[in-house]
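# Next one to model:
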Amino acid sequence: MTNILDDTYYDQAMDKINQYNPFVNIPKRVCSVKDVHNGEKKWVRNCQSNHVVVIRDCSNTEFLVVSNQRVYIFYMINCTNCKLTVLDSVVIVSRSCVAINCDQCSFVFEDVDMRKLECYGVTNSVAVFIECGPVTENSKVFWRHGCSNNKMQSGYLTPADAPHSINYNIKRSINVPDVKDVEGMECKCYFDEQQRPHAGPVTFTHGKNHGSGSHKHSDRILAELEQLEKIPFTMTREELDVAYDDERVEMEEPVHSVMEKVKKIATMMKESQYTVVYSGAGISTAANIPDFRGPQGVWTLKAKGVSQSKNYDEEEIHPTYSHYAITELARHNLINYVMTTNMDALHVRSGLPLHLICEQHGNSHKEMCEKCRKAYYRQYGTTYGEDFFTHKTGRKCTFCNGELRTTIVNFSENLTAEDMSISLLHARKSHLSIVLGTSMNVQPAASFPDKCFKNNGKLIIVNLQKTPYDSVADVRIYCKTDIFMQMLMQELGIADFDRSYDCISTWDEPTPDVLLPPHVRRRIAAQDKRRKQFIISATAIAALVLSVSVGFSLRYWRR
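Numbering: from 1, shown residues only. Below is the predicted model:
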């Protein structure tokens, strides 16, 4: 149970996160969108962490910010009947958005770590946050001088019509009190742990948040933005490419430094009341599975126009040392729960019990009946041949004959309600959060670990790259997860444990049909060929033995 007094510690941690910018080596650059009035969707693409996106003097247009981008901050100024929609996995470095003198506008955030929306002179508008527990409860909207007739809403996703778009319904809505056009007046709106929106009273904060002076704070913001636009941007394309690559650079600290920190972590784990591990793609790179945001990651290469070729054989992929170590630590009650965004099933294949793990983005080897919810774990990937929107695999449940669906969570899809509830439950119980192999950019997964701060807990991050949460980590290690886990197991005295098994061999593999992936069909065909060769050879040997036996028998009877 969270103590209300502990919220002070949690709020201090959140303030520290909001002020931290791991990408400081590139000067800010204003990217303006002006005078758009065509009434169509306008896509915002190819943004980087130093881009200040300014949407100004537009009307009757929706601006859609697609996934897997970094933006420093958004400004929406002097717009009428416009909509800003920011999709999941967009990283807003400052975690802020500012709206000034807008009317009849909508600000929609879906699974985005957007912690402060500031509104000045905004009227007849609405702020919509798609319900996502760990992210939504960190979000606040400040309605300041001149705001009137506005709403704050929470919503939930419905099936999308197309990739990179969202449909949603409104679940809860509140009216925001009007704020007089007086400098320093403000109404703060927020969400509680049940994602219910609340509007605080209109208060006078002059001198507390905005400093002194006769000019309104919004005027000062516009003046600062104007100054920023006048600063010439002198970096060349080549220098920018190097700087952007530096944001994703992987670093490894000396072994002796890691060892000192490992000793500290071992003590923390022994003393912790409840330890939760959060794992990402970096834990599986040792299994030859590429990550997403590393120097050679899928999204990194895609941003450069390079396609990621599949250079690994799925049959050769097995759980890594870290997967087996996590399972062993759970067996020793040093880890109480595991959350992962990986879809490779390696945690489960390493023997981790299903009740101790939440695979938040699904499991590529798992499909589930839409009627009776029976789960099937396959020895092959279930996504081959699936329908993207319905997730149907074409196979049937052996119990109720219902349609089987994959469990993968695609972009613009929410975590299942069950996974969200379970994740929040364990995140809020945690006293120690250990993050392994993730850059902590994907929401809502990245917002679970810091819930330990509500219990005065500790946060440990082990990753080769910087993360947006480094400033609040009690222990930060730049190291490969397998090396870290080997040191940790040695320090805990559990270095000798079984890593010879792979639970995939116990999963069912149905009768081959055209819906099976090609590599599975090839494997089954090879097995059938070997089986036929064996039968032919065995038959030939049996025939030879029989003929020899008959020959000896005839010779015997002739005597």
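# Poorly predicted segments of the chain, please.
Regions of the chain meeting the criterion pLDDT under 70 cover residues 1-25, 159-165, 206-215, 247, 289-315, 385-389, 411-412, 509-525, 527-528, 550-559.
# who touches stretch 478-498?
250-253, 258-259, 262-263, 265-266, 269, 279, 282-283, 285-286, 320-322, 324-326, 328-329, 332, 334, 436-437, 462-464, 477 (Cβ atoms under 8 Å, 6 or more residues apart in numbering). Backbone N, C-alpha and C define where each C-beta goes, glycine included.
# which of those residues count as buried?
Among those, those buried by neighbour count (16 or more other Cβ atoms under 10 Å) are 258, 262, 265-266, 269, 279, 282-283, 285-286, 320-322, 324-326, 328-329, 334, 436-437, 462-464, 477.
# where do the helices sit along the stretch 351-500 of the chain?
With helices called from DSSP state H, counting those that start in this stretch, the stretch 351-500 of the chain shows them at 417-429, 481-492.
# count of residues packed around residue 488?
Burial of residue 488 is recorded as 25 neighbouring residues (other Cβ atoms under 10 Å).
# How much space separates it from residue 467?
Remark: distance between residue 488 and residue 467 (Cβ to Cβ, to the nearest Å) = 19 Å.
# hmm, back to that, of all the helices of the stretch 351-500 of the chain, which one is nearest residue 191?
Closest approach to residue 191 among the helices of the stretch 351-500 of the chain (Cβ to Cβ): helix 417-429, 12.9 Å.
# Counting by contacts, list what the closest one packs against.
Contact partners of helix 417-429 among helices and strands, from 3 or more Cβ pairs under 8 Å, 6 or more residues apart in numbering; DSSP states H and E: helix 133-136, strand 275-279, strand 337-340, strand 357-359.
# Give me the contacts around the longest one.
Residues outside strand 275-279 that contact it (Cβ under 8 Å, 6+ apart): 269, 322, 326, 334-342, 347, 426-427, 429-438, 445, 448-449, 452, 481.
# got the CA positions of the helix or strand hosting residue 76 in PDB?
Residue 76 belongs to strand 73-77 when assigned by DSSP states H and E. Taking Å, rounded to 0.1, in the frame of the first residue of the first chain, the C-alpha atoms of strand 73-77 are listed here in PDB:
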ATOM      1  CA  ILE A  73       8.900  20.000 -27.700                       C
ATOM      2  CA  PHE A  74       5.700  20.900 -29.500                       C
ATOM      3  CA  TYR A  75       4.200  24.400 -29.800                       C
ATOM      4  CA  MET A  76       0.700  25.100 -31.100                       C
ATOM      5  CA  ILE A  77       0.100  28.800 -31.600                       C
END
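# who does that strand touch, helix- and strand-wise?
Applying 3+ Cβ pairs under 8 Å, 6+ apart, we find strand 73-77 packed against strand 51-56, strand 83-86, strand 96-100.
# Report the angle between that strand and strand 51-56.
10 degrees (axes from the mean of the first three to the mean of the last three Cα atoms, to 10 degrees).
# Only the buried subset of the contacts of strand 275-279, as a PyMOL command please.
To isolate the buried members of those in PyMOL, using 16+ other Cβ under 10 Å:
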select buried, resi 269+322+326+334+335+336+337+338+339+340+341+342+347+426+427+429+430+431+432+433+434+435+436+437+438+445+448+449+452+481
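# What is the burial count for the nearest residue to residue 258 once chain neighbours are set aside?
In space, and not counting its chain neighbours, residue 258 is closest to residue 479: 5.1 Å by Cβ to Cβ, 6 or more residues apart in numbering. Neighbour count of residue 479, defined by other Cβ under 10 Å: 21.
# now do residue 30
17.
# residues contacting the residue nearest the centre of the chain?
The chain has residue 442 as the residue nearest its centroid, 3.0 Å off, counting by Cα atoms, centre = their mean. Going by Cβ under 8 Å, 6+ apart, residue 442 touches 88-89, 341.
# change it to 7 Å
89, 341 (Cβ atoms under 7 Å, 6 or more residues apart in numbering).
# distance of it from residue 103?
Distance from residue 442 to residue 103, counting by Cβ to Cβ: 34 Å.
# just to revisit the earlier point, now render the helices of the stretch 351-500 of the chain as JSON lines, adding distance to residue 274.
Below are the helices of the stretch 351-500 of the chain laid out as JSON lines (distance: least, Cβ to Cβ, whole Å):
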{"stretch": "helix 417-429", "distance to residue 274": "5"}
{"stretch": "helix 481-492", "distance to residue 274": "17"}
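# Please identify the most buried of the ones you listed.
Stretch with highest mean neighbour count among the helices of the stretch 351-500 of the chain: helix 481-492 (a mean of 20; mean count of other Cβ atoms under 10 Å).
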